[in-house]
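Undergrad: No sequence on hand, only this structure:
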DNA sequence: TGATAAATTGTAATGATTACAAATTTATAA
DNA sequence: TTATAAATTTGTAATCATTACAATTTATCA
C-alpha cells in the first residue's frame, strides 16, 4: 500500500540493502502491484519506460537480492525441467534444496478444501515441500543460491 | 513392475496408441524406474545407448503423447518463469489452464502434516491447484497442449 | 574529497523445450 | 502381399527465461 520513498528507503535499510535508484523503483513497483504475481519481464517492460537504459540483468539481480533479503518471495508457475512418473495416485513431492533429491509422500488432497474456490473447476492439486532431506541435514555445508549447481549433483531416490 | 513386451503392448493399445520400437522402450524404461522422477534428458541418455540414432525430439514427443494419454504424469520441479510477490503469509495458488491467470487462496499449511517426513527439515510448503477459473468456464473453448500459447494471453488478476 | 566495495550494464552463453520439414515406419485395405 | 495414407521419428534451427562475466558507474564512509 504505502510506497512512499521514505517507506521504501526504510524497507531497504531494514534489510541492510544499499540504496540505488533502480532498486527503489523496482521495490516501488512491487508495492504498487502487491496483489499481482510479476515476472522479471513484466517489471522490466514497465520500468524501462521510466528508467532509460535499464538493464534486464538489473531486474534479475535485484529480484534475487530482494528474495534473499526476504522482501519478496518467488512463486514458481511454469517450469523448464519437467519430470515424469507413471500415472498413479497423486502424492506430494519433497524437493531437497541441497541435493535436489525428490521424495514422494502421501497427502490427503481431498482434505485440502478451499471454500474460496467454489466457483473454480479444480482439475489438479499439487503439494510441494522444500527443505533438507535427512542425508543433507547431516552433511549440511554451504548452500549456494544458484539452482543450476544443485541440479548437477542431484540424484533422485524415493 | 511388470514390463514385459506383452504388458507394454497392451498398455499402448488400451490407450489407442500406435506401436513403435521407441515407444515401447521408453514405456519400458518408465516402468523400470517406476519410483523415480525422470526427465527427458535422463531417459534420452539411457536409451540412446540402446537405440542408436535415437532423437531427443522423440523423447519429448513420446512423453507428451504418454502424458496426453494419461499413461504418465508430469511433475514440475524447477521452473523457468519465476514470478514474485511481496513477502506475506503463504497462500495457495490457483493457475487457470486456459488463461494462465493466477488466483491466491488461503490454505492452512500447518494443517498439512506428514508423519512420513518427520526426518525432513521442511522449510517451505507450496500448494498449487490447476483447472479453470470462473471466467474461462463460461467461455470454454479449445484447450491446446502447448503452454507457450497460453502464456501469451495470460493475464494475472487476483 | 577519494578509496573501495557494491550495483548496473551489455553481451554472450546456457539449457530445456519446441517448431518444422524430410525421411521412415506402421496400420489398413485392396 | 502390397500399395497407400497416416502417424512417427529424426535432425536442425529457433525460442525463451535465465545466468555468467567483465567493464563501467555509483554509493558509502573514512
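TA: Now that the structure is in, tell me what you want to look at. Here the structure is a predicted model, which means the values were calculated and not measured. Residues are numbered from 1 along each chain as shown, chains lettered A, B, ... in the order given.
Undergrad: can you tell me if stretch A:119-130 touches chain B.
TA: Yes - residues of stretch A:119-130 contacting chain B under Cβ under 8 Å from any Cβ of the partner chain: A:119-130. Just so you know, the C-beta spots here come from the backbone N, C-alpha and C atoms, and that holds for glycine as well.
Undergrad: Using the three-state scheme, assign residue A:16.
TA: The three-state label given to residue A:16 by DSSP: H, G, I helix; E, B strand; the rest coil is coil.
Undergrad: so how many other residues sit close to it?
TA: 7 (other Cβ atoms under 10 Å in any protein chain shown).
Undergrad: Please name the residues that touch it.
TA: By Cβ atoms under 8 Å, 6 or more residues apart in numbering or on different chains, the residues touching residue A:16 are residue A:69.
Undergrad: Next, it: phi, psi?
TA: With angles defined as degrees, to the nearest 10, residue A:16 sits at phi 60, psi 40.
Undergrad: Give me the contact list for the lengthiest strand in chain A.
TA: The single longest strand within chain A, with elements called by DSSP state E, is strand A:121-132. By Cβ under 8 Å, 6+ apart, the residues outside strand A:121-132 that reach it are A:90, A:92-98, A:105, A:107, A:109, A:112, A:140, B:76, B:94, B:97, B:112, B:114, B:117, B:120-132, B:137.
Undergrad: That one pairs with which strands, parallel or anti?
TA: Using DSSP bridges, strand A:121-132 pairs in its sheet with strand A:92-96 (parallel), strand B:121-132 (antiparallel).
Undergrad: if you skip the residues just before and after it, what's nearest to residue A:99?
TA: residue A:136 (5.4 Å; Cβ to Cβ, 6 or more residues apart in numbering or on different chains).
Undergrad: I'd like the strands paired with strand A:121-132 as TSV, with distance to DNA strand C, mean neighbour count and mean pLDDT appended.
TA: Below are the strands paired with strand A:121-132 laid out as TSV (distance: least, Cβ to the nearest atom of the strand, whole Å; neighbours: other Cβ atoms under 10 Å in any protein chain shown; pLDDT from 0 to 100):
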stretch	distance to DNA strand C	mean neighbour count	mean pLDDT
strand A:92-96	15	23	82
strand B:121-132	16	18	86
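Undergrad: Of those strands, which is nearest residue A:7?
TA: strand B:121-132 (27.3 Å; Cβ to Cβ).
Undergrad: immediately after that closest one, which helix or strand?
TA: Following strand B:121-132 in sequence order, the next helix or strand is helix B:134-138 (DSSP states H and E).
Undergrad: Contacts for that following helix, please.
TA: A:119-121, B:96-99, B:101.
Undergrad: Need the max-distance pair from those residues.
TA: Within those (distances taken as Cβ to Cβ), the two that end up farthest apart are A:119 and B:97, at 15.3 Å.
Undergrad: Neighbour count for the two, which is higher?
TA: Using other Cβ under 10 Å, the more surrounded residue of residue A:119 and residue B:97 is residue B:97, with 17 against 10.
Undergrad: What strand or helix carries the most centrally placed residue in chain A?
TA: What sits nearest the mean C-alpha location of chain A, by Cα atoms, centre = their mean, is residue A:74, with 2.0 Å. Assessed by DSSP H and E, residue A:74 sits inside strand A:72-76.
Undergrad: Direction included, what does that strand pair against?
TA: Within its sheet, strand A:72-76 is paired with strand B:82-86 (antiparallel), according to DSSP bridges.
Undergrad: average pLDDT across the strand it pairs with?
TA: Strand B:82-86 carries an average pLDDT of 64.
Undergrad: ok, so of the contacts of helix B:134-138, who is nearest residue B:12?
TA: residue B:97 (26.3 Å).
Undergrad: Nearest residue to that closest one in space, please, no chain neighbours.
TA: residue B:130 (5.7 Å).
Undergrad: could you measure the one you found against residue B:111, distance?
TA: Shown here: residue B:130 relative to residue B:111, a distance of 21 Å by Cβ to Cβ, to the nearest Å.
Undergrad: helices and strands of chain A: which one bottoms out on pLDDT?
TA: helix A:147-152 (a mean of 36; mean pLDDT, DSSP states H and E).
Undergrad: Taking chain A, what residue is nearest to DNA strand D?
TA: Minimum separation of chain A from DNA strand D (Cβ to the nearest atom of the strand) falls at residue A:19, amounting to 3.5 Å.
Undergrad: Can you give me the pLDDT of that residue?
TA: In this model, residue A:19 is scored at 95, pLDDT.
Undergrad: In three-state terms, how would it be classified?
TA: coil.
Undergrad: quick one: it and residue A:12 touch, right?
TA: Yes - in this structure residue A:19 lies within contact range of residue A:12 using Cβ atoms under 8 Å: 6.2 Å.
Undergrad: Looking at the two, which has the bigger crowd around it?
TA: Between residue A:19 and residue A:12, counting by other Cβ under 10 Å, residue A:12 is the more crowded of the two (19 against 10).
Undergrad: other SSEs contacting the strand or helix carrying residue A:30?
TA: Using DSSP H and E, the element containing residue A:30 is helix A:21-32. The helices and strands touching helix A:21-32, judged by 3 or more Cβ pairs under 8 Å, 6 or more residues apart in numbering or on different chains; DSSP states H and E, are helix A:5-14, helix A:40-48, helix A:56-68, strand B:82-86.
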